[in-house]
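# Predicted model and sequence follow; I will ask about them next.
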Amino acid sequence: MAKSEGGILETVKTLFWALVIAGVFRTLLFQPFWIPSESMKDTLLIGDFIFVNKMAYGYSKYSCPFAACPIPGRILASEPERGDVVVFRHPVNGSDMIKRLIGLPGDKIQVKDGLLYINGAVAPQEPAGTFEEIKEPQGPMGNMPRCANDPVGQGGVCTRPRFRETLPGGHVHDVLNIEDNGFADNTDVFTVPEGNYFFMGDNRDNSQDSRFSQAVGGVGFVPAEYLIGRADRVIFSSAGRSMLFFWTWRMDRFFEAIE
């Protein structure tokens, strides 16, 4: 009997320490994140499950592993790089956001005729085919995608022109276009303040990002201390309302690197 009780105790201890180690690993190094919206298509799809590298930029009061973290501002381990896909805290409503880092402190950012300009130079785009998906409810919230070829009935093929955009420094990624001369296809010049960053979604006509002021629900400029970490890889992906619906798993996206 004593031997049996000892075995159970050892099992409990093992499970306890395994949970502690997993919790520390998650808290200190990585944070899981589900993609709930289509603002980063086609880089990230609704239902992608990613790990966010919290150590990529060092700790801030929002990525610190301790509840009472006495960190004023942000302690940078390394400077975020233009083109990084970053998870950050919305400066106003506190929600977690994920966008691409476009503007660094001191940069001048503008969008003209749907093209991105950084410090007066255009970020060139090359046609890269068409992004296609079925128009149907996506993810747990059942969001319907916006399509360039709308109106499209449910079950039809939803399409968007895709382009390969090159940022200063050479980072290349895909962007999508839904409509020409959209609301945010022509903007004023934004000068990024010191200690702040400018973010945009890759699905350019369907992203509430730094092009929109915080007063109207946009992101605006994001202070460094609101950065949580860099998204490096898709771990798992499901197109359905639940990850248990195995027939909706996107096997080709498992462990896919995020460009």
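In hand now; what should we look at?
# quick one, helices of the stretch 1-150 of the chain?
2-28 (DSSP state H, counting those that start in this stretch).
# Show me where it dips below the pLDDT cut-off.
1-30, 59-77 (pLDDT under 70).
# what do you get if the cut-off is 90, keeping everything else the same?
Applying pLDDT under 90 to the stretch 1-150 of the chain flags residues 1-34, 36, 47, 51, 53-79, 93-94, 137-144.
# same check, this time on the stretch 151-259 of the chain
Residues of the stretch 151-259 of the chain that meet the cut-off, pLDDT under 90, sit at 181-183, 215-217, 225, 236-252, 255, 259.
# contacting residues around the closest residue to F198 other than its chain neighbours?
Counting by CB to CB, 6 or more residues apart in numbering, F198 lies nearest to G103, which is 2.8 Å off, once chain neighbours are set aside. Where C-beta positions appear, they are placed from N, C-alpha and C, glycine not excepted. Applying CB atoms under 8 Å, 6 or more residues apart in numbering to G103 gives the contacts 82, 109, 118, 190, 192, 197-199, 210.
# Repeat the analysis, applying 10 Å as the threshold.
For G103, the contact set (CB atoms under 10 Å, 6 or more residues apart in numbering) comprises 82, 109, 116, 118-119, 190-192, 196-200, 210, 221-222.
# F190 now?
Going by CB under 10 Å, 6+ apart, the list of residues near F190 reads 102-103, 107-111, 198, 210-211, 213, 220-221.
# Just the buried ones from those?
Burial by neighbour count, 16 or more other CB atoms under 10 Å: within the contacts of F190 this picks out 102-103, 107, 109-111, 198, 210-211, 220-221.
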